[in-house]
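Student: Sequence first, then the predicted structure, then my questions.
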Amino acid sequence: MLIAAVPLRTKMTTLYSHSRLSSYENCKKKFHFRYVLELPAESEGVEAFVGKRVHEVLERLYLFVEREQLPSLERVIERYYALFDEHYDPERIRIVKAGLDRAHYRELGADCLARFYRRHYPFDADQTLGLEQRVVFPLDPEERYGIQGIIDRVVRARDGAIEVHDYKTGAYVPSQKALDADRQLALYQIGIERDLDEPAPIRLVWHYLAKGQIRTSTRTPAQLEALRRETLERIEQIEAETDWSATKNKLCNWCEYREACPAWGASQALPTGAARPAPASERAAPGQPAERPPAKKPAPNLRQTPDGQIELL
Ligand code: SF4
């Protein structure tokens, strides 16, 4: 294993994730509900639910590949159906899109997995260095703020490059220009580079499972340094924020807080306040890794990250 399992950064007081930053950028009110008031989300979009199950199955698949016990496609799909059926709670899972039902989404995940399996069988094209690999790193010399994230799979490619792989189950495939400006995987690259035993070129790789497409991108050191500075500035902006106004957007139908949102007619205003440090679930206690924030997966035509991000297109 070339990648440190969990880098320990106990000096950092506040950890941000890409999803947390995007939440603020999309709607300050939602950020306030989730990260300042820490209101629990009672429901989960079906797209997020499917995405979680697909990620679980792919992680398990690669664990078996590492043990040279490659399961058949039938076994992989069986496992997916079992997880889907075990965890699906109709009282909690929300289907937003009209005309679509549980069966549709159940098959959507199975199709993603079957497409991926057939394309990559027999899974010997590269070497897995990490699965669900956590990265944590400071953004500033004083280590006041840090970034954390979970990489779906870290890979050593045949040409020696290290690859940061990310699975997407939504139907939307961004343009190359958008991927070349993508923040999430580029932040992960900063974290990965710090923990490599020896320098190596790094590639960012997205698997658009619903479309069977793979996209890649690379970053220069200057681009990564600019990203580090921009991200730090964004965090400082959030830390100083006092205006938690709502911004209606395309994601409101998927928002767990819509019933409490004044922009959608909620009658009782919730208290406001300045940003607080990350909730306990996102802070690294001394000697302990922070936990992964709640994950959400994308709706078709929405863009989403593996550690819980739904973003406006
Ligand atoms: S419903 Fe829309 S406007 Fe209201 S908090 Fe959620 S995302 Fe923001």
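Tutor: Arrived safely. All figures in this text were calculated on a predicted structure; none of them were measured in a lab.
Student: so who does the closest residue to D101 other than its chain neighbours touch?
Tutor: Leaving aside its chain neighbours, D101 sits nearest to I95 (6.7 Å; criterion: Cβ to Cβ, 6 or more residues apart in numbering). For every residue, glycine as well, the C-beta is placed using N, CA and C. I95 is in contact with 46, 101-102, 105, counting by Cβ atoms under 8 Å, 6 or more residues apart in numbering.
Student: can you check V173 too?
Tutor: V173 sits in contact with 208, 211, 213, 215, where contact means Cβ under 8 Å, 6+ apart.
Student: Tell me how far the residue lying closest to it once chain neighbours are set aside lies from E44.
Tutor: Leaving out its chain neighbours, the residue that sits closest to V173 by Cβ to Cβ, 6+ apart is Y208, at 4.8 Å. Distance of Y208 to E44, computed by Cβ to Cβ, to the nearest Å: 22 Å.
Student: Ok, W254 next?
Tutor: Distance of W254 to E44, given as Cβ to Cβ: 10 Å.
Student: anything in contact with each of the two?
Tutor: The contact sets of W254 and E44 overlap at R94 (Cβ under 8 Å, 6+ apart).
Student: Mind giving me the packing neighbours of the one helix or strand A226 maps to?
Tutor: Applying DSSP states H and E as the criterion places A226 in helix 221-239. Contact here means 3 or more Cβ pairs under 8 Å, 6 or more residues apart in numbering; DSSP states H and E; on that basis helix 221-239 packs against strand 14-16, helix 18-26, strand 145-156, helix 184-195.
Student: Quick one: the ones you listed as CSV, columns for distance to the ligand, mean pLDDT and mean neighbour count too.
Tutor: Formatted as CSV, the helices and strands packed on helix 221-239 follow (distance: least, Cβ to the nearest ligand atom, whole Å; pLDDT from 0 to 100; neighbours: other Cβ atoms under 10 Å):
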stretch, distance to the ligand, mean pLDDT, mean neighbour count
strand 14-16, 19, 94, 23
helix 18-26, 7, 96, 21
strand 145-156, 22, 97, 24
helix 184-195, 19, 95, 22
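Student: Make TSV out of those and add distance to V50.
Tutor: Formatted as TSV, the helices and strands packed on helix 221-239 follow (distance: least, Cβ to Cβ, whole Å):
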stretch	distance to V50
strand 14-16	27
helix 18-26	18
strand 145-156	15
helix 184-195	20
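Student: So which of the ones you listed is nearest A82?
Tutor: Nearest of these to A82, taken as Cβ to Cβ: strand 145-156 at 21.0 Å.
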